[in-house]
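Undergrad: Any chance you can model this:
(one chain, ligands or ions: 4)
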Amino acid sequence: MASQALHFLIPTYSAPNRSLSRVSSPSKPLLFAQSPRRVRPISAISSDIESSPSSPSVLISGNGKGGIFGGDGAAAVADASGIEVDAVTEAEMKENGFRSTRRTKLVCTIGPATCGFEQLEALAVGGMNVARINMCHGTRDWHRRVIEQVRRLNEEKGYAVAIMMDTEGSEIHMGDVGGAASAARAEDGEIWTFSVRAFDSPLPERTINVNYEGFAEDVKVGDDLLVDGGMVRFEVIEKIGPDVKCRCTDPGLLLPRANLTFWRDGSLVRERNAMLPTISSKSVDATDPSAGDNYPPDLVVPQKWRSGGDPYPLDPTVREEWRSNGESDPAHLQPMAVHPQFIIKWNCGLKVKSMPMAFVVIIGHSIGILKAAAESVLPHLTNVTLHHPLPIDWLDIDFGISEGVDFIAISFVKSAEVITHLKSYIAARSRDSDIAVIAKIESVDSLKNLEEIIRASDGAMVARGDLGAQIPLEQVPSAQQKIVQLCRQLDRPVIVASQLLESMIEYPTPTRAEVADVSEAVRQRADALMLSGESAMGQYPEKALTVLRSVSLRIEKWWREEKRQEAMVLPEISSSFADSISEEICNSAAKMADNLEVDAIFVYTKAGQMASLLSRCRPDCPIFAFTTTTSVRRRLNLQWGLIPFRLNFSDDMESNLNRTFSLLKARGMIQSGDLVIAVSDMLQSIQVMNVP
Ligand SMILES: Nc1ncnc2c1ncn2[C@@H]1O[C@H](COP(=O)(O)OP(=O)(O)O)[C@@H](O)[C@H]1O
Ligand SMILES: C=C(OP(=O)(O)O)C(=O)O
Ligand SMILES: [K+]
Ligand SMILES: [Mg+2]
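TA: Ligands and ions are numbered 1, 2, ... in the order given. Here you go, the predicted model:
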């Protein structure tokens, strides 16, 4: 094979000494013989809105379970140790040529309109890279069925759709409006009651349940109450115990579980969001058998955190005590903060010092662990096991961990702390899982702490729905651009979400303004676009996905051809020397790829880090990312420009390349003469070569 290679040969992956010079191996020449530059045909590919997606074909070959391949036997065992690429990508590559594959990834929220196996398959065929389930809606059993079906789809039909679980977070929202699916209409001047009382269904007329127990205390007469950021508006006219009477001032549809915000003198009242921990707000149904360990069925759980006062951090001496009692990883016991009044409310009679401990254990852990803590550390706490306010978000998170979802998106993130805490919680609970944590930027607080939040997270979502209810609408576009840019600079994938094609919930074509909005997100080179209601409960989920796909393809191609992408300054982000090498290699490889107009970059990466660093550069050509584990492959599905493959590979790049070339050629995905750049995180090198 004719190739040119630039190697950075470092004896071990973590070079101990920065002064170590970057030497080329004496055994290998720095440059191989020059290969003739091939003339590449310009691919003129139709990416029109009308064009239908390629039909799915199942093309998984081999068992994918072969041992690590290495040495000279490449050709002989190539077919036996298969390569996994999803059927849709493969079809798209064959049809369009790989230079024109879609770089922008697509996330679909799964709801009643799309939860069937065939509907899910239609979305996969239509280009869904990630299926999102929103724990605000539906039951865990419902979500579990969706996850199972996506898994089955992946296994049986050869897709690699990743699963993202989105938590409810500390938002205030309405309950169901007389049955989960129905909506109610509020007319101008009507008086409605918003109440935290539990009602039998059907609800009394013109009554809305609110999920936040402190609601009636926190609102004031004269406040504006906005449903879904202003789709319906009320004015608070009277408070009677738990009931808040409101007059409708902007009529409209009240959809189940719609978000509620209240405004006083033109400003958002943020009491609840300011005070509540991000992950904790749901009430517990103590009779739900899936809700953690064995609840006493008659348990009435006080659920809400409210009233003012400083939060109460975990007492370090208690923490030490816990540590000395042999708990392996006390780090994940350090949660957000504890509200003192809350503890006193349900823990009365216990020593003050013990309370935070009890609480901390509870929010991070199951009853089993609480019992262990109570028995071994603080015997007087035994009773606490019966008064356990395990918040449902944590149960949802436990659910996500046990189901092995690929991403957990955290709603209403306020600071980096909650993300760090969740990550250590996940690490402690599932040592070998690599669930990525996505921070949803949808509150004023998250904008204030944007950089630290993004640094702490594995990715971010511009959650424009709630963001637009918290900041003036005209500030949302600049916030979006800023978040997208910062994420790219910090090498974190970013999803632009909400209302991209809102009108397609009801209509089969988008508005021109919606297409312009999608185009702008693609032009900003966000990693992914997301459908919410359009795919969850709309009339035209597949059509909406087709619009996202087609607009992405067209805008990407247009900007590539016009060469109008402005270069972005990418700050150095590595914190170790080894990481700096990877970063430099990726930056250089991407630049070379653009200058030499190569057809593709191949990256061999175990944890996906080099693939991510390449994606961050947003090169002109697609990036074929080869990784050894299925979960890394699914996770890479969210990132811009990456075409993830699963493949067992060795440390011998020469044989990896030969094998990959022959496997991909055999499947018609590349051709002799294609020019590629190859990089790998085992061997710090950049190679440029034509496919033999
Ligand atoms: N699992 C589900 N079950 C029922 N309805 C759902 C589900 N997921 C989403 N939906 C519907 O789709 C709409 C849009 O989804 P999404 O944007 O995720 O939620 P929200 O609008 O509550 O923020 C929801 O308001 C809800 O009506
Ligand atoms: C994506 C969002 O979050 P959710 O749909 O969960 O409210 C949003 O607010 O835009
Ligand atoms: K949510
Ligand atoms: Mg939201």
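Undergrad: Got the phi and psi for Cys621?
TA: phi -100, psi 160 (degrees, to the nearest 10).
Undergrad: Let me know whether it touches Asn595 as I believe.
TA: No - contact criterion CB atoms under 8 Å: Cys621 and Asn595 do not qualify, at 11.4 Å. The way it works is simple: take the backbone N, C-alpha and C, and place the C-beta from them, glycine included.
Undergrad: Give me the more crowded residue out of the two.
TA: Cys621 (23 against 9; other CB atoms under 10 Å).
Undergrad: Which residue would be the closest one in the stretch 301-450 of the chain to ligand 3?
TA: With CB to the ion, the shortest gap between the stretch 301-450 of the chain and ligand 3 falls at Ser411, namely 4.5 Å.
Undergrad: Quick one: residues contacting Ala183.
TA: Applying CB atoms under 8 Å, 6 or more residues apart in numbering, we find Ala183 in contact with Val177, Leu253, Leu254, Leu255, Pro256.
Undergrad: Any quick PyMOL command for the buried ones out of these?
TA: In PyMOL, a selection of the buried entries from the contacts of Ala183 looks like this (16 or more other CB atoms under 10 Å):
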select buried, resi 177+254+255+256
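Undergrad: Determine which two of the contacts of Ala183 are furthest apart.
TA: Leu253 and Pro256 (10.5 Å; CB to CB).
Undergrad: Can you pull out the low-pLDDT segments for the stretch 51-200 of the chain?
TA: Residue ranges of the stretch 51-200 of the chain with pLDDT under 70: 51-81, 170, 178-181.
Undergrad: Look through it and state the residue closest to ligand 4.
TA: For the stretch 51-200 of the chain, CB to the ion, closest residue to ligand 4: Glu171, 6.7 Å.
Undergrad: What are the buried residues along stretch 398-413?
TA: Neighbour counts over stretch 398-413 (16+ other CB under 10 Å) mark 398-401, 403, 405-413 as buried.
Undergrad: pLDDT-wise, what's the bottom of the contacts of Ala183?
TA: Lowest-confidence member of these: Val177, scoring 75 (pLDDT).
Undergrad: The closest residue to it other than its chain neighbours and Ile408: what is the separation?
TA: Leaving out its chain neighbours, the residue that sits closest to Val177 by CB to CB, 6 or more residues apart in numbering is Ala184, at 4.6 Å. As for Ala184, its distance to Ile408 is 32 Å (criterion: CB to CB, to the nearest Å).
Undergrad: Kindly report the same for Glu156.
TA: Going from Glu156 to Ile408 by CB to CB gives 26 Å.
Undergrad: How about Asp432?
TA: When distance is defined by CB to CB, Asp432 is 16 Å away from Ile408.
Undergrad: same thing with Asp176?
TA: 25 Å.
Undergrad: likewise Phe194?
TA: 31 Å.
Undergrad: With Met164 instead?
TA: Look at Met164 and Ile408: by CB to CB, they are 7 Å apart.
Undergrad: what touches both of these two?
TA: In terms of CB under 8 Å, 6+ apart, Met164 and Ile408 are both contacted by the residues Ile438.
Undergrad: Tell me how many other residues surround the nearest residue to Phe412 once chain neighbours are set aside.
TA: If the residues on either side of it in the chain are set aside, Phe412 comes closest to Gly169, at 3.9 Å by CB to CB, 6+ apart. Neighbour count for Gly169, taken as other CB under 10 Å: 29.
Undergrad: Do I have it right that Asp434 meets Thr630?
TA: No - the pair Asp434 and Thr630 fails to qualify as a contact (CB under 8 Å) at a distance of 10.9 Å.
Undergrad: Between the two, which is the more surrounded one?
TA: More crowded of Asp434 and Thr630, by other CB under 10 Å: Asp434, with 17 against 14.
Undergrad: Now that one: which helix or strand?
TA: Assigned by DSSP states H and E, Asp434 belongs to no helix or strand.
Undergrad: Same question for Ala409.
TA: Counting by DSSP H and E, the element that carries Ala409 is strand 407-410.
Undergrad: before we move on, what about Met164?
TA: Using DSSP H and E, Met164 sits in strand 162-166.
Undergrad: That strand and ligand 1 in contact?
TA: No - Strand 162-166 does not reach ligand 1 (CB under 6 Å from any ligand atom); its nearest approach is 6.7 Å.
Undergrad: what's the answer for stretch 182-199, then?
TA: No - against ligand 1, stretch 182-199 shows no contacts by CB under 6 Å from any ligand atom, the least distance being 8.9 Å.
Undergrad: start to end distance for that stretch?
TA: For stretch 182-199, the separation between the terminal residues is 17 Å (CA to CA, to the nearest Å).
Undergrad: Relative to ligand 4, which residue of the stretch 251-400 of the chain is the closest?
TA: For the stretch 251-400 of the chain, CB to the ion, closest residue to ligand 4: Asn259, 6.9 Å.
Undergrad: Near ligand 3, which residues of the stretch 301-450 of the chain are found?
TA: Applying CB under 5 Å from the ion, we find that the stretch 301-450 of the chain lies next to ligand 3 at Ser411.
Undergrad: Show me what from the stretch 301-450 of the chain comes close to ligand 2.
TA: For the stretch 301-450 of the chain, the residues found near ligand 2 under the criterion CB under 6 Å from any ligand atom are Ser411, Lys440, Glu442.
Undergrad: so what's Pro204 scoring on pLDDT?
TA: At Pro204, the model reports a pLDDT of 86.
Undergrad: Domain-wise, how is the chain divided?
TA: For the chain, automatic domain parsing gives the domain ranges 3-98+569-690, 102-168+393-561, 184-275, 316-390.
Undergrad: Which positions in this structure make contact with ligand 2?
TA: Applying CB under 6 Å from any ligand atom, we find that the chain lies next to ligand 2 at 134, 136, 166, 411, 440, 442, 463-466, 497-498, 532.
Undergrad: For those, give me CSV that also has secondary structure.
TA: Converted to CSV, those look like this (DSSP: H, G, I helix; E, B strand; the rest coil):
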residue, secondary structure
Asn134, strand
Cys136, coil
Asp166, strand
Ser411, coil
Lys440, strand
Glu442, coil
Ala463, strand
Arg464, helix
Gly465, helix
Asp466, helix
Ala497, strand
Ser498, coil
Ser532, coil
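Undergrad: need these in CSV with distance to ligand 4, can you?
TA: Below are those laid out as CSV (distance: CB to the ion, whole Å):
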residue, distance to ligand 4
Asn134, 9
Cys136, 8
Asp166, 8
Ser411, 6
Lys440, 6
Glu442, 5
Ala463, 5
Arg464, 9
Gly465, 5
Asp466, 4
Ala497, 8
Ser498, 7
Ser532, 9
